[in-house]
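Participant: only the shape, not the letters, is given here:
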């Protein structure tokens, strides 16, 4: 018998294909799970709209539900309900451990260039805050590039949205 | 047979910004590999990906109303059927003109997104708010470059000349009632706009390249 708990457990093993250390649950993109008569309904909120990983995540979640012997119904919710603030503490820890600086908390009104140029971002390798913004944009829509002047290492910073 | 939930006119409202984002995204992607330096290769490629992602989400919204698909809307229409504004069609191989368009577009787009966030169509209002979160970074980049070009005499002269040239096109991005706000934020007086509805000669070659692969194998699943 499929339960909501089992579905959440299964989803916790569905990786973000671009940052496989974090799962869709760590990212906070699963908004709701509902189970009814052997079919499982999942509300999924994309991270960045231009992210090519979204389809892989959706297919990964569908496969995980089928493995439980249930029929998935995945609704993609294109509204404003996802923010990087939804990444879980566990997700943030995993990001840092694999060399990605987790996103800063979102302030009212969203991020500004002045904030990004401030030395408030911690290097995921040496923990120094002596870091500077190299490029607002990086290899994927969700990342910026920063440089740590303490350990002289460039690193990727998850953008706050 | 039941009528579609919303009128064709409402779907058309979504197609104008969707087409703008798709075509501008395509133009931005032309800098990949040839921008003045590596950081800008990365920036313009990422901005292009962002704009095309926004276009896709808007097309999906329109497609659900029109009984079609996002891909069909993006790639199966004839050039004349696109609703994009002439500003985004222009091929601008000079850096200062690209930056001037980027800066004008982001200013105008911010005003348009703000208006869409108040749409009575909940799905559109929600999507506009999501797009707004991401566009913050595009605006940041555009403002940073405008400041950078204005910091030298030559840069300032060339940037302001490009803004003057493109200003009538920028006004054409917005519906008439929103244009006053663009004049305020850009600091320029109203001018005769280059309106949405007709296309420049530069759209067709772009369209031919953009749709080439899809036209080569109609009906294929990619």
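Facilitator: Yes, it's here. Just so we're clear, the structure is a prediction, and the values are computed from it rather than from any experiment.
Participant: mind listing the helices for chain A?
Facilitator: A:4-11, A:24-27, A:53-67, A:89-97, A:113-117 (DSSP state H).
Participant: for the residue positioned nearest the centre of chain A, what are its contacts?
Facilitator: The centre of chain A sits closest to residue A:27, judged by CA atoms, centre = their mean, with a distance of 3.4 Å. Contact analysis of residue A:27 by CB atoms under 8 Å, 6 or more residues apart in numbering or on different chains lists A:16, A:47, A:86-87, A:91. Glycine gets a C-beta too; all of them are placed from N, C-alpha and C.
Participant: tell me how far it lies from chain B.
Facilitator: Distance, residue A:27 to chain B, by CB to the nearest CB, to the nearest Å: 15 Å.
Participant: which parts of chain A sit against chain B?
Facilitator: Residues of chain A lying close to chain B by CB under 8 Å from any CB of the partner chain are A:48-51, A:78-83, A:110-113, A:116, A:134-141, A:145, A:159, A:161.
Participant: filter the residues you listed to the buried ones?
Facilitator: Neighbour counting with 16 or more other CB atoms under 10 Å in any protein chain shown marks A:48-51, A:78-80, A:82-83, A:110-111, A:113, A:116, A:134-138, A:140-141, A:145, A:159, A:161 as buried within the residues of chain A next to chain B.
Participant: okay, now residue B:80: neighbour count?
Facilitator: 10 (other CB atoms under 10 Å in any protein chain shown).
Participant: and the pLDDT for the residue nearest to it when sequence neighbours are not counted?
Facilitator: Leaving aside its chain neighbours, residue B:80 sits nearest to residue B:199 (6.9 Å; criterion: CB to CB, 6 or more residues apart in numbering or on different chains). For residue B:199, the model assigns a pLDDT of 97.
Participant: burial check on residue B:199, number of neighbours?
Facilitator: For residue B:199, the neighbour count with other CB under 10 Å is 18.
Participant: wasn't it part of a helix?
Facilitator: No: going by DSSP: H, G, I helix; E, B strand; the rest coil, the assignment for residue B:199 is coil, not a helix.
Participant: need the helices of chain A in TSV (columns: mean pLDDT and distance to residue A:43).
Facilitator: Output for the helices of chain A, formatted as TSV (pLDDT from 0 to 100; distance: least, CB to CB, whole Å):
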stretch	mean pLDDT	distance to residue A:43
helix A:4-11	97	12
helix A:24-27	97	12
helix A:53-67	95	11
helix A:89-97	95	18
helix A:113-117	87	31
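Participant: highest average neighbour count across those?
Facilitator: Sort those by mean neighbour count, taking mean count of other CB atoms under 10 Å in any protein chain shown, and helix A:24-27 sits at the top with a mean of 23.
Participant: pLDDT score for the residue of chain B found nearest chain A?
Facilitator: Closest contact between chain B and chain A, by CB to the nearest CB, is at residue B:53 (2.4 Å). At residue B:53, the predicted lDDT confidence score is 96.
Participant: can you check the one 10 residues further on too?
Facilitator: Note on residue B:63: pLDDT of 95.
Participant: did I read that right, it in a helix?
Facilitator: Yes: secondary structure of residue B:63 (three-state DSSP): part of a helix.
Participant: neighbours of it, how many?
Facilitator: Residue B:63 has 21 nearby residues by other CB under 10 Å.
Participant: for chain B, what's its nearest residue on chain A.
Facilitator: residue A:50 (2.4 Å).
Participant: which ones are touching that residue?
Facilitator: Neighbouring residues of residue A:50 by CB under 8 Å, 6+ apart: A:141, B:49-54, B:56, B:134.
Participant: what about 10 Å?
Facilitator: Going by CB atoms under 10 Å, 6 or more residues apart in numbering or on different chains, residue A:50 touches A:140-142, B:21, B:25, B:46-57, B:134.
Participant: among the residues you listed, which are in helices?
Facilitator: Going by DSSP H, the helices hold B:21, B:25, B:46-57, B:134 from the contacts of residue A:50.
Participant: report the buried members of those.
Facilitator: B:21, B:25, B:46-57, B:134.
Participant: greatest separation within those residues: which pair is it?
Facilitator: With CB to CB as the measure, no two of those lie farther apart than B:46 and B:57, at 16.8 Å.
Participant: just name the shakiest helix or strand of chain A by mean pLDDT.
Facilitator: helix A:113-117 (a mean of 87; mean pLDDT, DSSP states H and E).
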